[in-house]
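# 3D, please:
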Amino acid sequence: MKKKVLLLVTMIAAAIFLVSCSSNQQASLDGEYYFYTPSMTDKMSKTPWVVIKDKTLTYYSGGKDDPSGTLRYSVDTEKKTLTGEGKTLAYSYDKESGVLSAGIMSGDAQFVKKDSKKYKELKKTEKD
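Alright, predicted model coming up:
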């Protein structure tokens, strides 16, 4: 009887552990992202250029406050692709720094997520 109870408790604990681990695998991409130029000036745009909400990425050419054009892509977090505007683009996301890289514009543009580690570093250097 004690072995059965111990086995049951162990199985429940293992199930809880597996569920908690699997749900934390993917970082949420939802949020506002600022255009970032690391190679030139190591600065970011004043307004967000990308907004991701509910697996939809909206790109505002020129910034969200005064865009010269808007593009929409659906986000596939498993394949790490953006699909829209008649094409499929690969993206990468560094969860630790909060930097999103995607070929939305010519080349591989980088965008910094608001309130991420990199965002806070860049804001701090702007004040200095």
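# list the contacts of Tyr33.
48-52, 100, 111-114 (C-beta atoms under 8 Å, 6 or more residues apart in numbering). For every residue, glycine as well, the C-beta is placed using N, CA and C.
# and if you look at Gln110?
By C-beta under 8 Å, 6+ apart, the neighbours of Gln110 are 35-38, 99-101.
# strands of the chain, start to end?
31-37, 43-53, 56-61, 69-76, 81-84, 87-94, 99-102, 109-113 (DSSP state E).
# from Gly84, how far out is the spatially most central residue of the chain?
Centroid-nearest residue in the chain, with C-alpha atoms, centre = their mean: Leu29, separated by 3.3 Å. Relative to Gly84, Leu29 is positioned 15 Å away (C-beta to C-beta, to the nearest Å).
# what does Lys43 give?
28 Å.
# more neighbours, these two?
Gly84 (17 against 14; other C-beta atoms under 10 Å).
# any idea which of the strands of the chain is most buried?
Most buried of these, by mean neighbour count (mean count of other C-beta atoms under 10 Å): strand 109-113, with a mean of 24.
# does Trp49 touch Thr58 like I think?
No - at 9.6 Å, Trp49 does not count as touching Thr58 under the criterion of C-beta atoms under 8 Å.
# show me where pLDDT drops low in this protein?
5-11, 13-15, 17-27, 40, 106, 128 (pLDDT under 70).
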